[in-house]
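Asks: no sequence for this one, just the structure:
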Ligand code: SGN
Ligand code: CA
């Protein structure tokens, strides 16, 4: 095959997949020893019957799924979020209401999950960094500890996965339509279909083919609902008749906080691209001139087969023509135009969520049908949050609530009380130690997070009262480096490059519209948070603030 040529192949029948795993004596021996140790540990955990079996861990993960777009979180979009299967995890398990990331961007979040460490310790501080595969990871530990391990879908860490018996990952960000997957032999193959469905098919194929003598750890990691918010063709129009609430701060003026905010490049108004994001292609516009921005093309549309394009055009074509006619007739003022783009954005975003939720449904059904539900811990999470029009934004990065929050729902039958809603502050540094403790494996000292098991069992005597945050990039979307601390009520954010501080009282100002950093009424709170910020930086061994911003 010539270089660069991609062969499109259809996914084989899942039942015909080969066995990927080789059981080594070492793994087997380690498994036996650890299973013994673990059975002693779990006896005290009110497990009955098959208590000695270590649980499987099914990690269902998506990209940029905001908690506001999950019904179980009860946010402003709870009535329209298409998440019945994710909500099932909340009903049958726990939904962590105060779950956060350490650095609100893709690669860093994934590196933190694998290592249980903040970005400055695992070395992956910005997208575009290269993950050091020689370092300790939870996947390596679970694999060495007797688990069958696999990762399917978005990886985004540049170096190939280590610690996994099987992997099949998107190159970089991956694509929605007819996506390519990198195979373990290094070759890239393109598959016909929709990324979310294909990722699920491949995860199920691996489950079918896995070594059933071991417990499994499977990371099923979707591209959706990441930009460019491209739905499965069967879901086009799914939200046409739904009234999507508009956030109160869609037209934020960025006053009363750092001047840095107004320099952002992630506004639905000023930066949402007409063809790329809003799906109004140039060749559809006739002589209608749309205002800026209009910089990008339509790479996802270009990937489709002719018959797929027909379905797309049948949906978007007439709607775009109506919009262009109204625009040309001057029927939309500036704010109407922003609201039109917001609705277009949200309909597409929620449609991509619908396919992710269907995937969760398929995975849960697989567990039910194969008698695996009881002894499988199922987690649903996403690499960070996302702005759904709040502050006028799409994208993430800021330490503001919508992008700082990370979904975390978990079902572990016989351990976690159904319908529980833990309030404690948790972070993605906690996932690795949690998985290790579930597997009865020791947590290395270098791990910075804490196991969530006491919270899952409902018997945490003490828990952290603050979280540390660090964001290092300054590139796409123009969000500069910033650092901060959050407690249950307050948040302090520091921008070192411009030496700007913000303090938010989240109880009085949940939308973070006004910094009270200079307000004398908050002098004591400010002093306490400033001290706590320094304490956390010391605890996590954070490097000094760089005087110059790196890209
Ligand atoms: C891409 C997107 C950005 C997004 C980053 C990071 N642009 O660069 O909008 O902020 O990814 O996202 S796109 O034109 O490629 O869609 S992340 O989830 O990978 O961190
Ligand atoms: Ca992401």
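Replies: Thanks, I have the structure now. Source: prediction; values computed, not measured. Ligands and ions are numbered 1, 2, ... in the order given.

Asks: So, low pLDDT: which residues of the stretch 101-250 of the chain?
Replies: Applying pLDDT under 70 to the stretch 101-250 of the chain flags no residue at all.

Asks: ok, which stretches of it are strands?
Replies: Remark: strands assigned in the stretch 101-250 of the chain by DSSP state E, counting those that start in this stretch are 148-153, 166-169, 180-182, 188-191, 216-221.

Asks: hey, which of those is tucked in deepest?
Replies: Burial of those is given as mean neighbour count (mean count of other C-beta atoms under 10 Å); strand 148-153 ranks first at a mean of 27. Heads up, the C-betas are built off the backbone N, CA and C, glycines and all.

Asks: Just name whatever secondary elements that one is in contact with.
Replies: Judged by 3 or more C-beta pairs under 8 Å, 6 or more residues apart in numbering; DSSP states H and E, the packing partners of strand 148-153 are helix 138-144, strand 166-169, helix 195-209, strand 216-221.

Asks: Around the closest residue to ligand 2 within the stretch 251-400 of the chain, count how many other residues there are.
Replies: Using C-beta to the ion, the closest approach of the stretch 251-400 of the chain to ligand 2 is made by residue 383 at 4.1 Å. Per other C-beta atoms under 10 Å, the neighbour tally for residue 383 reads 29.

Asks: quick one: the nearest residue to it once chain neighbours are set aside and ligand 2, what's the gap?
Replies: Closest residue to residue 383 apart from its sequence neighbours, by C-beta to C-beta, 6 or more residues apart in numbering: residue 109 at 4.0 Å. Remark: distance between residue 109 and ligand 2 (C-beta to the ion, to the nearest Å) = 7 Å.

Asks: Who are the contact partners of whatever residue of the chain ends up closest to ligand 2?
Replies: With C-beta to the ion, the shortest gap between the chain and ligand 2 falls at residue 106, namely 3.7 Å. When contacts are counted by C-beta atoms under 8 Å, 6 or more residues apart in numbering, residue 106 touches 63, 127, 154, 156, 383-384.

Asks: ok, now residue 284?
Replies: 317, 320-321, 324.

Asks: likewise residue 443?
Replies: Contacts of residue 443 (C-beta under 8 Å, 6+ apart): 116, 432-433, 436-437, 451.

Asks: Also within reach of ligand 1: list those from these.
Replies: Checked against ligand 1 using C-beta under 6 Å from any ligand atom, the contacts of residue 443 give no members in range.

Asks: Could you turn the buried ones of the residues you listed into a ChimeraX selection?
Replies: For the buried members of the contacts of residue 443, the matching ChimeraX selection, counting by 16 or more other C-beta atoms under 10 Å, is:
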select :116,432,433,436,437,451
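
Asks: got a markdown table for the contacts of residue 443, with secondary structure and distance to residue 234 too?
Replies: Listed next are the contacts of residue 443 as a markdown table, based on DSSP: H, G, I helix; E, B strand; the rest coil; distance: C-beta to C-beta, whole Å:
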| residue | secondary structure | distance to residue 234 |
| --- | --- | --- |
| 116 | coil | 38 |
| 432 | helix | 36 |
| 433 | helix | 40 |
| 436 | helix | 39 |
| 437 | helix | 40 |
| 451 | coil | 40 |
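
Asks: okay, among the contacts of residue 443, which ones form the most distant pair?
Replies: Using C-beta to C-beta, those reach their maximum pairwise distance at 116 and 437, which is 11.3 Å.

Asks: so which residue of this protein comes closest to ligand 1?
Replies: residue 106 (2.8 Å; C-beta to the nearest ligand atom).

Asks: quick one: that residue from residue 424, how far?
Replies: Here residue 106 is placed at a distance of 25 Å from residue 424 (C-beta to C-beta, to the nearest Å).

Asks: cool, residue 220 as well?
Replies: For residue 220 relative to residue 424 (C-beta to C-beta), the value is 26 Å.

Asks: Let me know the secondary structure of residue 468.
Replies: strand (DSSP: H, G, I helix; E, B strand; the rest coil).

Asks: go on, residue 381?
Replies: strand.

Asks: Residue 348 contacts residue 229, doesn't it?
Replies: Yes. Look at residue 348 against residue 229 with C-beta atoms under 8 Å: they come within range, at 4.1 Å.

Asks: residues touching the residue of the stretch 251-400 of the chain closest to ligand 2, list them.
Replies: Contacts of residue 383 by C-beta under 8 Å, 6+ apart are 61-64, 101, 105-106, 109-110, 406.

Asks: From these, keep the buried residues only.
Replies: Buried among these (16+ other C-beta under 10 Å): 61-64, 101, 105-106, 109-110, 406.

Asks: Now do the helices in the stretch 201-350 of the chain.
Replies: Per DSSP state H, counting those that start in this stretch, the stretch 201-350 of the chain carries helices over the ranges 299-303, 306-328, 334-369.

Asks: Mind listing residues that contact the shortest one?
Replies: Residues from elsewhere that reach helix 299-303, judged by C-beta under 8 Å, 6+ apart: 175-178, 228, 230, 276, 281, 309, 312.

Asks: Give me the buried stretch members for it, please.
Replies: Within helix 299-303, the residues that count as buried by 16+ other C-beta under 10 Å are 300-301, 303.

Asks: Stretch 515-522: end-to-end distance?
Replies: 10 Å (C-alpha to C-alpha, to the nearest Å).

Asks: oh, I was asking about stretch 133-150
Replies: 16 Å.

Asks: and this protein, which of its residues are near ligand 2?
Replies: 63-64, 106, 383 (C-beta under 5 Å from the ion).

Asks: among those, which two are most distant?
Replies: The farthest-apart pair in those, when distances are taken by C-beta to C-beta, is 64 and 106, at 8.0 Å.

Asks: Can you pull the residues of the stretch 251-400 of the chain lying near ligand 1?
Replies: residue 395.

Asks: what's near enough to touch residue 519?
Replies: Contact analysis of residue 519 by C-beta under 8 Å, 6+ apart lists residue 503.
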